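Colleague: coords below, sequence missing:
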């Protein structure tokens, strides 16, 4: 096969992550609300993936993204990694909303179950997540990807380890 396909270029802009914002005096819910209101920079991964935070409340978050050609795998369907990242982002924001000031988290596990294929013909996907357990050391959440047709395209769960500000502070490798 010698057929040459068109080359397509995709560009995007993002602001550098500012992890110091998460160790301050604001709760996770306050921080998430500022992000939703556009008063904090969009995390680089969210900008890169072309998804948007659209809703937050205590223990709940929703993000949306539109399937696009650049996300497709060799079969012409949207790659499971993009779908997982959309769902993981909603789960992470939901977890963040239950954390007090001075706390962060890291993912212990993520489980995604794909229910049906996603193609670029699907206009928009919504990832909705809610916390199912909020302990002092672990938080769990569950979520689902829903299409504009109200069908579920994937479900997922996560467990996260709650960290103190000291545990999630970024260290400069040169000063270590």
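Modeller: Here it is on my side, so go on. Not measured: the values here are computed from a predicted model.

Colleague: what residues of stretch 42-61 count as buried?
Modeller: 42, 43, 46, 49, 50, 51, 53, 56, 59, 60, 61 (16 or more other C-beta atoms under 10 Å). Bear in mind the C-beta positions are built from the backbone N, C-alpha and C, glycine included.

Colleague: the last one against residue 88, yeah?
Modeller: When you say that, I think you mean residue 61. No. Under the criterion of C-beta atoms under 8 Å, residue 61 makes no contact with residue 88, lying 11.3 Å away.

Colleague: okay, now residue 41: neighbour count?
Modeller: 15 (other C-beta atoms under 10 Å).

Colleague: would you agree it falls within a strand?
Modeller: No. Residue 41: not assigned to a strand; according to DSSP: H, G, I helix; E, B strand; the rest coil it is coil.

Colleague: do you know how far it is from residue 15?
Modeller: 4 Å (C-beta to C-beta, to the nearest Å).

Colleague: and if you look at residue 129?
Modeller: 24 Å.

Colleague: please identify which of those two sits among more neighbours.
Modeller: Set residue 129 next to residue 15 and count neighbours by other C-beta under 10 Å: residue 129 wins out with 27 against 11.

Colleague: and the strands in this protein?
Modeller: 51-57, 60-65, 103-114, 125-134, 138-146, 152-164 (DSSP state E).

Colleague: deepest-packed of those, please.
Modeller: Across the strands of the chain, averaging neighbours per residue (mean count of other C-beta atoms under 10 Å) puts strand 60-65 on top, at a mean of 23.

Colleague: so what touches it?
Modeller: By C-beta atoms under 8 Å, 6 or more residues apart in numbering, the residues outside strand 60-65 that reach it are 32, 46, 49-56, 82, 86, 89-94, 96-97, 124-131.

Colleague: with stretch 129-136 instead?
Modeller: So stretch 129-136 is contacted by 59-62, 87, 90-91, 93-95, 97-98, 139-143, 157, 162 (C-beta under 8 Å, 6+ apart).
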